[in-house]
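1. here is my input; please provide its structure:
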Amino acid sequence: MISRLQCLIGWQLVALTSWGQINKGTTKPNILWVTIEDTSPAFVGAYGNTDARTPTIDMLAKNGVMFLNAFSNNTVCSPSRATIISGVKTTELGTGHHRSTINFPAEIKGFPSYLRTQGYYTTNNFKTDYNVANSNAFIKEAWDESSANATWRNRKPGQPFFAVFNYAESHQSRTMSWSYQQYKKEIYDILPPSDRIGDNDFKVPPIYHDSPEMRKQLARVYNSLKVTDNVIEKLLKQLDNDGLRDSTIIFFYADHGEGMPRGKTNGIDYGHRVPFVIWFPAMYSHLSPWGKAGVVSDELISFEDLAPTILSIAGATIPSYMKGRILMVDQRSPEVKELYLENDRADNGPDLTRSVSDGRYIYSRSFMPFMPELRYIRYFEISVQQQMRKDNAGNILNKQQQSFFLPRQPEYLFDVETDPWELNNLATNKNYRNKLNEFREKLNKNIITERDILLLPEYETELIQRSTTLYKFRQNAKNFPIGDIYHAVSLSGFRDKETCRKQISLLTNSNKIIRYWAIVGIRSQPDKLLKKYKMKLLAALNDTYPPVAVTAAVILYELEANKTAKEILKQACLDDNMEIALMAINYLLYVKNDKPFENTINTVKKKKNINYPVKAACNDYLGKNGLIDNNVASEDQLQVNKLPKLSLYFIHYTLAPLKYFFGY
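-> A predicted model of the protein is given here:
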C-alpha cells in the first residue's frame, strides 16, 4: 500500500515539474467558481445524506476532490465574502459585521484585480456584498464584468478566465423567509414532480422538534437545494457546449453553514462548516496535491486560503497581506492543525464568538452569552423560529432543544465526529478538561496575535474610520493595547464571584474599551452577585463612554427597575447614532420586563433615516410583544420606494416575498 504521505509527495513532484510550463504563460487554466448559499454538508448527498437529491454536486465530488473539513471564516454572507475577495480575515480588516461599510487600505484590493494583470478575464455573476466602502470602484477594479449577465463568453479569443457564478436558490430567503406562496411559485413549482422532496421524505435532525411545521420547513431546504443542483447542471452543460470543460478547474462551495436556526449566525460547527469540492480536468490534474478523481480529503481549509491559491494557480505574486495557505502547485503551504473562526453581528443581532477547530473538535467561546443561541434576528423571526418559540412555550421540546432559548454557556466543546449535531457540550465534562484547556489557550493566543479589531464595539470602529482604517489602527500598540483589552474580554461570560469582582474593579480603568468589556461581562453575571455592587454600577451610569453607560443601564434596569436606568435606555433607543440605538434595542430584546419601552420603540420605528438593523430590531421587539404580526409581507416591506438600491438588494436576498422585486 502506498501511504498518504508518499502519494502527497509524488503529486507535488509532478506539480513542480509541470508548473514551469504554466508559469511561462502558454497554458494558464480557466477557473470557474460555483458558489451556493446557506448550505451545510449535512444536506448534500455526497457528504452522506441519502435523503438529498444533489446529483450534479455529487458527480463533481465523485470525479473531483471532496473536502470534509472546509470552513467559512464567518457564518453570514457579507463577512464571508469580505474574506474571500480580499484574502484577509474579518478580524484584521474589521469586516465581520453583516453589511457594514469598511474602509480598506489602498494596498488591499479585490484579488481578481491581480488576475487581470496576469491576462485573465474576470467575471462575477453577480453577488458582491463585500462590506467595503466605495464598493463601486472596488468592484470595477476587480472585475471585467460584474452583473447578472456576466459570463466568460465576452473574453478575447484564447484568453483565460476566472468566472464566479453565485446561486441564491438555496438562500435563507427561499428556505425560510419568503412566504410559503412565494417559495412554492419560485422553487417548488419549477421542479419536475420527480425532483420534489415531500415533507416525510427525510429524517429530521435531532436539534429540531419533529413536527409537521418543521418538516414543511426542512422540505423547503431540500427542494431549494434541488433547484440549486439543477441550475448548476445547466451551467456545467454551458461549459461543455463551449468546449471549455477540459481546460477549466472548477471550485464548488457554499458561502457558510446552513440557513436554519442554530446554523447561520451561530459560531459553532453547524454555522461554519461548508461543502467544498475542487474538480480538475485531465489537462491540469497534475496541479492536485491530493491525487486524481474520487479523492476525499480531511485537510483543513478556510476561505482565507482561496485568494492566495487562485493567484498562485495563475502565476501571480501573492501580496504580503494575504496570510492564508496556498493549497496547490509548487508554492503549496504546509497543512495546518487547526483553523480560527469568527462570528460577529448578523443583521440586527450583535454578537462576538470566536472558535477554533481541528476538524473533529470545535471549541467556541461566546463573549456575550447573556443572549441565547436562537437570538432575535429578523429574518429568523419571520420564519419557522416562531413555531420553535411556540413549541418551547408549550413545553414540548426536549431539554437540549429548550437550551437553545436559554442564555448560552461561555464555552462550548463539541466532538463532531461522534456528535455531528453538537448536542453534547463537552466543556462541562471533566474528562475533556485537557482538551478544553488546550483549545482555550490556543484561541486566546490567536486573538492577541491577530490583534482582533472586532473586540471594539461598532460605536468605536465607526469613530476610528473617520481618520484611518481599522486594519492600520489595530497595528498600533498604543492605540490598541490588545493584551490589556483582551484581559477584560477574556473574563466575559464566566459567572462566578471572583470573575465578577475583577470586572467590577475594571469599571474605573482609564481605558474606555476595558471599561466596556468589564460592563459587558457583568451583563452575564447573576443578579445575586450584582446586588452588593449596586453603588459601583450606579456610578457606571455616568460613564462618559456611551456603550458603558447604556450597558450599565440595562443591568440596573434588570436588577431593580431603576428609573434613571430606564430613561437612559429610552434615550439610547432614540439616539441618532445607529450603533447606540441598536445596542440599546438589542439589549431590550432579552430583558424580562420590556413593556415600558413600547412607545419608545414605536417612535424609533417611525423615525426617518434609521438604518435597516435598527428598524429590524424594532420589528423584533414589536413582534415579540405581539404588537405586530411576524409576517414579512406585512411588516418588512420597509417603505421599499424610499430605500437606496443596496437596501433593495438586501431585502430581496433575505426577506422579500414581494412580487415586484426583480428575479434571479
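2. so Arg365 sits in a strand?
-> Yes - under DSSP: H, G, I helix; E, B strand; the rest coil, Arg365 sits within a strand.
3. list the contacts for it?
-> By CB atoms under 8 Å, 6 or more residues apart in numbering, the contact set of Arg365 is Thr353, Arg354, Ser355, Pro410, Glu411, Arg440, Leu443, Gly493. Every C-beta, even on glycine, is put in place using the N, C-alpha and C of the backbone.
4. 10 Å instead?
-> 267, 352-356, 409-412, 427, 439-440, 443-444, 447, 489-490, 492-493 (CB atoms under 10 Å, 6 or more residues apart in numbering).
5. now Asn425
-> Per CB under 10 Å, 6+ apart, neighbours of Asn425: Ser364, Gln400, Ser403, Arg408, Gln409, Glu411, Tyr412, Leu413, Phe414, Asp419, Tyr432.
6. who touches whichever strand or helix holds Ala565?
-> According to DSSP states H and E, Ala565 maps onto helix 563-573. Applying CB under 10 Å, 6+ apart, the external contacts of helix 563-573 come out as 537-538, 541-542, 546-547, 549-559, 562, 580-585, 587-588, 591, 594, 596-597, 599-601, 603-604, 614, 617-618, 621.
7. which among the residues you listed end up buried?
-> 537, 541, 546-547, 549-558, 562, 580-585, 587-588, 591, 594, 597, 600-601, 604, 614, 617-618, 621 (16 or more other CB atoms under 10 Å).
8. pLDDT below threshold where in the stretch 51-200 of the chain?
-> Within the stretch 51-200 of the chain, no stretch has pLDDT under 70.
9. neighbours of the closest residue in space to Asp344 that isn't next to it in sequence, how many?
-> Nearest in space to Asp344, with sequence neighbours left out and distances taken as CB to CB, 6 or more residues apart in numbering, is Gly96 at 3.6 Å. Gly96: 32 surrounding residues under other CB atoms under 10 Å.
10. Asn577 too?
-> Asn577: 14 surrounding residues under other CB under 10 Å.
11. do Arg466 as well
-> Considering only other CB under 10 Å, Arg466 is surrounded by 7 other residues.
12. before we move on, what about Arg474?
-> 23.
13. that one and Ile102: what is the separation?
-> 12 Å (CB to CB, to the nearest Å).
14. what of Leu413?
-> With distances taken as CB to CB, Leu413 is found 32 Å from Ile102.
15. likewise Lys216?
-> Taking CB to CB, one finds Lys216 at 39 Å from Ile102.
16. so those two - more neighbours on which side?
-> With neighbours defined as other CB under 10 Å, Lys216 and Ile102 compare such that Ile102 has more, 22 against 14.
17. output the below-cut-off pLDDT ranges for this structure.
-> In the chain (pLDDT under 70), the answer is 1-26, 632-664.
18. kindly recompute the last result at 90.
-> 1-27, 292, 329-330, 379, 629-664 (pLDDT under 90).
19. quick check, central residue of it?
-> Thr75 (1.9 Å; CA atoms, centre = their mean).
20. tell me the secondary structure at that one.
-> coil.
21. tell me the contacts of it?
-> The contact partners of Thr75, taken as CB under 10 Å, 6+ apart, are 38, 98, 255-259, 263-268, 270-272, 341-344, 346, 351, 353, 355.
22. among those, name the ones in helices.
-> Tyr270, Gly271, His272 (DSSP state H).
23. the second one: neighbour count?
-> Applying other CB under 10 Å, we find 31 residues neighbouring Gly271.
24. and it, how close does it get to Ser80?
-> As defined by CB to CB, Gly271 lies at a distance of 11 Å from Ser80.
25. joint contacts of those two?
-> Common neighbours of Gly271 and Ser80, using CB under 10 Å, 6+ apart, are Ser72, Asn74, His256, Gly257.
26. now the helix holding Ala565 - C-alpha only, CSV.
-> Coordinates of each C-alpha in helix 563-573 appear next as CSV, following Å, rounded to 0.1, in the frame of the first residue of the first chain:
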residue,chain,number,x,y,z
LYS,A,563,-35.8,54.7,36.9
THR,A,564,-32.7,56.6,35.8
ALA,A,565,-31.5,53.5,34.0
LYS,A,566,-34.9,53.2,32.2
GLU,A,567,-34.6,56.8,31.0
ILE,A,568,-31.1,56.3,29.8
LEU,A,569,-32.2,53.2,27.8
LYS,A,570,-35.1,55.1,26.3
GLN,A,571,-32.8,58.0,25.2
ALA,A,572,-30.3,55.5,23.8
CYS,A,573,-33.0,53.8,21.7
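27. count of residues packed around the nearest residue to Arg365 once chain neighbours are set aside?
-> Once flanking residues are discounted, Arg365 sits nearest to Arg354: 5.1 Å by CB to CB, 6+ apart. Counted with other CB under 10 Å, the neighbours of Arg354 add up to 25.
28. same thing with Lys237?
-> Neighbours of Lys237 using other CB under 10 Å come to 12.
29. what residues of the host helix or strand of it count as buried?
-> Element membership for Lys237, per DSSP H and E: helix 212-241. For helix 212-241, the neighbour count (16+ other CB under 10 Å) marks 213-215, 217-232, 235-236, 239 as buried.
30. before we move on, what about stretch 309-322?
-> Under 16+ other CB under 10 Å, the buried positions of stretch 309-322 are Thr309, Ile310, Leu311, Ser312, Ile313, Ala314, Gly315, Ala316, Ile318, Pro319, Met322.
31. show me what contacts Tyr412?
-> Counting by CB under 10 Å, 6+ apart, Tyr412 has contacts 267-269, 353, 355, 362-366, 369, 373, 422, 424-428, 436.
32. hmm, back to that, distance to Asp58 and secondary structure added to the buried residues of stretch 309-322, as CSV?
-> Conversion of the buried residues of stretch 309-322 to CSV gives the following (distance: CB to CB, whole Å; DSSP: H, G, I helix; E, B strand; the rest coil):
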residue, distance to Asp58, secondary structure
Thr309, 24, helix
Ile310, 24, helix
Leu311, 30, helix
Ser312, 28, helix
Ile313, 25, helix
Ala314, 29, helix
Gly315, 32, coil
Ala316, 33, coil
Ile318, 33, coil
Pro319, 36, coil
Met322, 32, coil
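33. between those, which is nearest Ile396?
-> Compare each of the buried residues of stretch 309-322 with Ile396 using CB to CB and the shortest gap goes to Thr309, at 47.5 Å.
34. could you measure from that closest one over to Pro275?
-> Here the criterion is CB to CB. By it, Thr309 lies 17 Å from Pro275.
35. if I pick the residue nearest to Thr508 when sequence neighbours are not counted, what's in contact with it?
-> Distance criterion CB to CB, 6+ apart; nearest residue to Thr508, sequence neighbours excluded, is Arg515 at 7.7 Å. Applying CB under 10 Å, 6+ apart to Arg515 gives the contacts 488, 503, 506-509, 540, 543-545, 547-549, 551-552.
36. from the chain's centroid, how far away is the helix or strand Arg515 falls within?
-> For Arg515, the host element (DSSP H and E) is helix 512-522. Centroid separation for helix 512-522 versus its chain: 25 Å, with CA atoms, centre = their mean, to the nearest Å.
37. and the next helix or strand past it?
-> Using DSSP H and E, the next helix or strand after helix 512-522 towards the C-terminus is helix 527-530.
38. what residues of that next one count as buried?
-> Leu529, Leu530.
39. next one: stretch 471-481
-> Buried positions in stretch 471-481, judged by neighbour count with 16+ other CB under 10 Å: Tyr471, Phe473, Arg474, Phe480.
40. contact partners for the residue nearest to Gln217 when sequence neighbours are not counted?
-> Nearest non-adjacent residue to Gln217, counting by CB to CB, 6+ apart: Val384, 4.2 Å away. Counting by CB under 10 Å, 6+ apart, Val384 makes contact with 175-177, 208, 211, 213-214, 216-218, 220, 260-261.
41. save the residues you listed as CSV, and put in distance to Ala42 too.
-> Shown next, in CSV, are the contacts of Val384 (distance: CB to CB, whole Å):
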residue, distance to Ala42
Thr175, 14
Met176, 16
Ser177, 21
Tyr208, 12
Ser211, 19
Glu213, 20
Met214, 15
Lys216, 19
Gln217, 15
Leu218, 11
Arg220, 16
Met260, 10
Pro261, 14
